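Visitor: the following block contains a protein sequence and its predicted model.
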Amino acid sequence: MSLSSNKPDMLKQLLHGDYPDARGRYGAFGGRYVPETLVPALDRLESGVRRHLHADDFQAELMAELRDWVGRPTALTPAPTLGRRWGAQVWLKREDLAHTGAHKINNAIGQALLARRLGARRIVAETGAGQHGVASAAACARLGLPCTVYMGAIDIERQAPNVDRMKLLGATVVPVTSGDRTLRAAIDEALRDWVSDPDGTYYLLGSAVGPHPYPYLVRELQSVIGREARTQMLERAGALPDLVAACVGGGSNAIGMFHPFVADAAVQILGVEAGGRGAGLGENSATLSYGRPGVLHGSYSMLLQDAHGQVQETHSVSAGLDYPGIGPEHSLLHDSGRVRYESATDEEVLDALAECCAAEGILPALESAHAFVGARRWAQANPGKRILVCLSGRGDKDMPTLQRLLVPSSPERAT
Ligand SMILES: *Cc1c(COP(=O)(O)O)cnc(C)c1O
């Protein structure tokens, strides 16, 4: 890669955790590629983050909500049957047990608390499959903040149950009929809303993407996953894991899991992207495997694009990984070689999901099952090791897809 001449510097910076830099850069990645109208709002957010995020009183308030409302710390579950099958010692970090069923709530409640501190009168959020919309709606209800969720018109049709969940939680869901009428257009619309009233409105972004300071803010809020898991591994396994694995869409559960382990040189780290139906254009969402550097939603990072720089259509069996970009910190971790990134195909993912169900009595989200594919592959190449997998969410939401693709239509069922 173009940055390879700087690798020793980059690695040193990574191991000390002193990034992003003052301009929100992760090596060459990150930054703020936004229209001028957005700059004051981002400046205000950045100074709010600086002032409150690590202040004792804010942290106390956040920790109380994570404990009493989200249900943290989430369990670390040994997975002995998977372990026997893989020839490894397997541990699962159970974000599926967090309130609303996935890690997204850690970020949503954290940013909603910050918004209240900053005096916001309303929250706007984007959503694709609806998981971040539900988490935002729940956090806003909890704190008594009005919530508007922008959602592509196509996604609204595909994800009707989540739309109704958001409404039940008191949110206003606004259909986006511009652009690609999915997640990309929804983010654009939410940004537009925020710009029109940067004082009274707070934009609650759902992954470790977007302009500075969002990738940093989301990482800090999701790092509770890796901090807890690190402590739990030392207590329960008596040692750090040899491998930490997580699935990567925008990259928030992965960066939250990885960040507290980056300085542990003996711990190998593996991110698993959505390989979809294969390597062809538009057939996957594996940004680091098939993308090139570019700008999307205010950030310079790796990006799936065609020869003219047009952002590519994506595909994944899991709606939550179906995004053509990736958080800038992952692009740096990839470039530096500190984290290895692979992809898992839809078929491999369905197989791993079924294996986890049968072996451990846990139905993971299709997104999370990507991490299992990578972990299993690694276990087969590295026998007898300790493996920590981030189980980012529960799979109940995926039942319509699973009924179509996985559940056998046996003769007994037909009668
Ligand atoms: C949204 C989602 C993801 C992907 O988002 P990241 O920001 O990459 O973590 C992964 N797993 C689950 C369960 C999700 O809902």
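Guide: Alright, I've got the coordinates. Numbers count the residues shown, from 1 in each chain.
Visitor: and the protein, what are its domains?
Guide: What automatic domain parsing lists as the domains of the chain is 26-66+104-218, 71-101+222-405.
Visitor: and those domains as a markdown table, adding distance to the ligand?
Guide: Every residue, glycine included, has its C-beta placed from N, CA and C. Supplementary listing: the domains of the chain in a markdown table, determined by distance: least, Cβ to the nearest ligand atom, whole Å:
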| stretch | distance to the ligand |
| --- | --- |
| domain 26-66+104-218 | 4 |
| domain 71-101+222-405 | 2 |
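Visitor: which of the ones you listed sits closest to residue 20?
Guide: domain 26-66+104-218 (5.3 Å; Cβ to Cβ).
Visitor: what separates residue 32 from residue 91, distance-wise?
Guide: Separation of residue 32 from residue 91 (Cβ to Cβ, to the nearest Å): 38 Å.
Visitor: ok so, going back, would JSON lines of the domains of the chain with mean neighbour count and mean pLDDT be doable?
Guide: Shown next, in JSON lines, are the domains of the chain (neighbours: other Cβ atoms under 10 Å; pLDDT from 0 to 100):
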{"stretch": "domain 26-66+104-218", "mean neighbour count": "21", "mean pLDDT": "96"}
{"stretch": "domain 71-101+222-405", "mean neighbour count": "21", "mean pLDDT": "97"}
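Visitor: in a markdown table, list these along with distance to residue 19.
Guide: Formatted as a markdown table, the domains of the chain follow (distance: least, Cβ to Cβ, whole Å):
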| stretch | distance to residue 19 |
| --- | --- |
| domain 26-66+104-218 | 6 |
| domain 71-101+222-405 | 7 |
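Visitor: contact partners for the residue nearest the centre of the chain?
Guide: For the chain, the residue nearest the mean C-alpha position is residue 252 (3.0 Å; Cα atoms, centre = their mean). The neighbourhood of residue 252, defined by Cβ atoms under 8 Å, 6 or more residues apart in numbering, consists of 103-104, 107, 206-208, 218-219, 222, 327.
Visitor: equivalent analysis for residue 316, please.
Guide: 274, 276, 284-285, 322, 346.
Visitor: in helices, which of the residues you listed fall?
Guide: When these are checked against helices (DSSP state H), the matches are residue 346.
Visitor: as JSON lines, the contacts of residue 316 with distance to residue 166 would be great.
Guide: JSON lines is the format used below for those (distance: Cβ to Cβ, whole Å):
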{"residue": "274", "distance to residue 166": "24"}
{"residue": "276", "distance to residue 166": "27"}
{"residue": "284", "distance to residue 166": "28"}
{"residue": "285", "distance to residue 166": "24"}
{"residue": "322", "distance to residue 166": "19"}
{"residue": "346", "distance to residue 166": "27"}
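Visitor: confirm residue 91 sits in a strand?
Guide: Yes: assessed by DSSP: H, G, I helix; E, B strand; the rest coil, residue 91 belongs to a strand.
Visitor: can you pull up the bridge partners for it?
Guide: Residue 91 has these beta-bridge partners by DSSP bridges: residue 78, residue 388.
Visitor: which parts of the stretch 1-150 of the chain are helices?
Guide: Shown for the stretch 1-150 of the chain, the helices assigned by DSSP state H, counting those that start in this stretch span residues 7-16, 39-52, 56-65, 80-86, 104-117, 131-143.
Visitor: tell me which other helices or strands the fourth one touches.
Guide: What it means is helix 80-86. If you count contacts as 3 or more Cβ pairs under 8 Å, 6 or more residues apart in numbering; DSSP states H and E, helix 80-86 packs onto strand 89-94, helix 346-360, helix 366-381.
Visitor: dump the ones you listed to TSV, plus distance to residue 74.
Guide: Compiled in TSV, the helices and strands packed on helix 80-86 are given as follows (distance: least, Cβ to Cβ, whole Å):
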stretch	distance to residue 74
strand 89-94	5
helix 346-360	15
helix 366-381	13
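Visitor: out of those, nearest to residue 137?
Guide: Nearest to residue 137 among the helices and strands packed on helix 80-86 is helix 366-381 (19.7 Å), distances taken as Cβ to Cβ.
Visitor: any idea how far that closest one is from the chain center?
Guide: Computed by Cα atoms, centre = their mean, to the nearest Å, the chain-centroid distance of helix 366-381 equals 17 Å.
Visitor: what is it packed up against?
Guide: helix 80-86, strand 243-247, strand 268-276, strand 340-345, helix 346-360, strand 386-391.
Visitor: so which of the ones you listed comes closest to residue 139?
Guide: Nearest to residue 139, of all the helices and strands packed on helix 366-381, is strand 386-391, at 21.0 Å by Cβ to Cβ.
Visitor: right, and the helix or strand after that closest one?
Guide: Sequence-wise, the next helix or strand downstream of strand 386-391 (DSSP states H and E) is helix 399-405.
Visitor: pull the distance from that next one to the chain's centre.
Guide: Taking the mean of its C-alpha atoms, helix 399-405 sits 23 Å from the chain's own mean (Cα atoms, centre = their mean).
Visitor: so which elements touch it?
Guide: Applying 3+ Cβ pairs under 8 Å, 6+ apart, one finds that helix 399-405 contacts helix 346-360.
Visitor: what's in contact with the helix it packs on?
Guide: Under the criterion Cβ under 8 Å, 6+ apart, residues 77, 79, 81-82, 85, 92, 274-277, 316-318, 344, 362-364, 366, 369-370, 372-373, 376, 395, 402, 405-406 lie in contact with helix 346-360.
Visitor: next one: that helix to chain centre, how far?
Guide: Put simply, helix 346-360 sits 20 Å off its chain's centre (Cα atoms, centre = their mean).
Visitor: what does stretch 67-86 give?
Guide: That offset, for stretch 67-86, works out to 18 Å (Cα atoms, centre = their mean).
Visitor: got it, and stretch 250-270?
Guide: Distance, centroid of stretch 250-270 to centroid of chain: 13 Å (Cα atoms, centre = their mean).
Visitor: just grab the bridge partners of residue 202 for me.
Guide: Counting by DSSP bridges, residue 202 is bridged to residue 123.
Visitor: shouldn't it be in contact with residue 115?
Guide: Yes: between residue 202 and residue 115 there is a contact under Cβ atoms under 8 Å: 3.6 Å.
Visitor: ranges for the helices of the stretch 201-350 of the chain?
Guide: All helices of the stretch 201-350 of the chain, identified by DSSP H, counting those that start in this stretch, fall at 214-222, 224-236, 252-258, 287-290, 328-336, 346-360.
Visitor: who's in contact with residue 232?
Guide: So residue 232 contacts 73, 76, 93 (Cβ under 8 Å, 6+ apart).
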